[in-house]
Every structure is written in structure tokens, then in C-alpha cells.
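Asker: fold the following and give me the result.
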Amino acid sequence: MVSPMKMVVKLPWARPRINNRREEQRKMKEELESRKRQLEELCRALKAETVADLQEILCCMVLSEDLF
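Answerer: Numbers count the residues shown, from 1 in each chain. This next block holds a predicted model:
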């Protein structure tokens with residue numbers, strides 16, 4: 001007796017999509033951490049206690065440049 005043919009459908013995009021999503025999330029997390037470190041270093045360099053203080057300092061610097 002001959003068994004009916006079984007058709008196996010592989011979805012090549014299913015697994016890579018999950019892996020790509022995870023990879024993208026990992027890269028985004030790394031980028032976020034990198035930017036946080038940069039902001040913290042800039043705050044320390046300009047002796048700002050918070051990011052809001054840093055914003056205020058940078059705004060004042062830009063305004064003072066516009067006056068010259």
C-alpha cells in the first residue's frame with residue numbers, strides 16, 4: 001500500500017524574523033546604554049548634576065554664541 005505524500009512546508013522567514021527581532025532589540029538596547037553613558041560623561045565634564053542642568057547649560061551656550 002502506498003502512503004499519501006506528505007507535504008512539509010518550511011517557512012524560511014519565520015525563524016530569521018524572530019532572530020532578527022531579537023538582534024534588533026539587542027542592538028537598540030546597546031545603543032541606548034551607549035547614549036546614556038555619553039550623557040553621563042558629558043554631565044560630568046560640564047559639572048551638571050542632571051540632564052536638565054545639562055540642557056540648560058547647552059542652551060545658554062547656544063544663546064551666548066548667537067549674541068556674538
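
Asker: helix, strand or coil: sort out A48 for me.
Answerer: At A48 the chain is in coil, as set by DSSP: H, G, I helix; E, B strand; the rest coil.

Asker: find the nearest non-adjacent residue to it, please.
Answerer: Nearest residue to A48, sequence neighbours excluded (Cβ to Cβ, 6 or more residues apart in numbering): L54, at 4.1 Å. C-beta here means a position set from N, CA and C on the backbone, and glycine is covered the same way.

Asker: okay, now that neighbour: neighbour count?
Answerer: 19 (other Cβ atoms under 10 Å).

Asker: correct me, but it touches K47?
Answerer: No. At 9.7 Å, L54 and K47 do not qualify as touching, with contact defined as Cβ atoms under 8 Å.

Asker: how about the helices in this protein?
Answerer: 14-45, 51-67 (DSSP state H).

Asker: please report the distance of the residue positioned nearest the centre of the chain from I57.
Answerer: Centroid-nearest residue in the chain, with Cα atoms, centre = their mean: M28, separated by 3.0 Å. Going from M28 to I57 by Cβ to Cβ, to the nearest Å gives 28 Å.

Asker: for Q38, same thing?
Answerer: Q38 is 15 Å from I57, by Cβ to Cβ.
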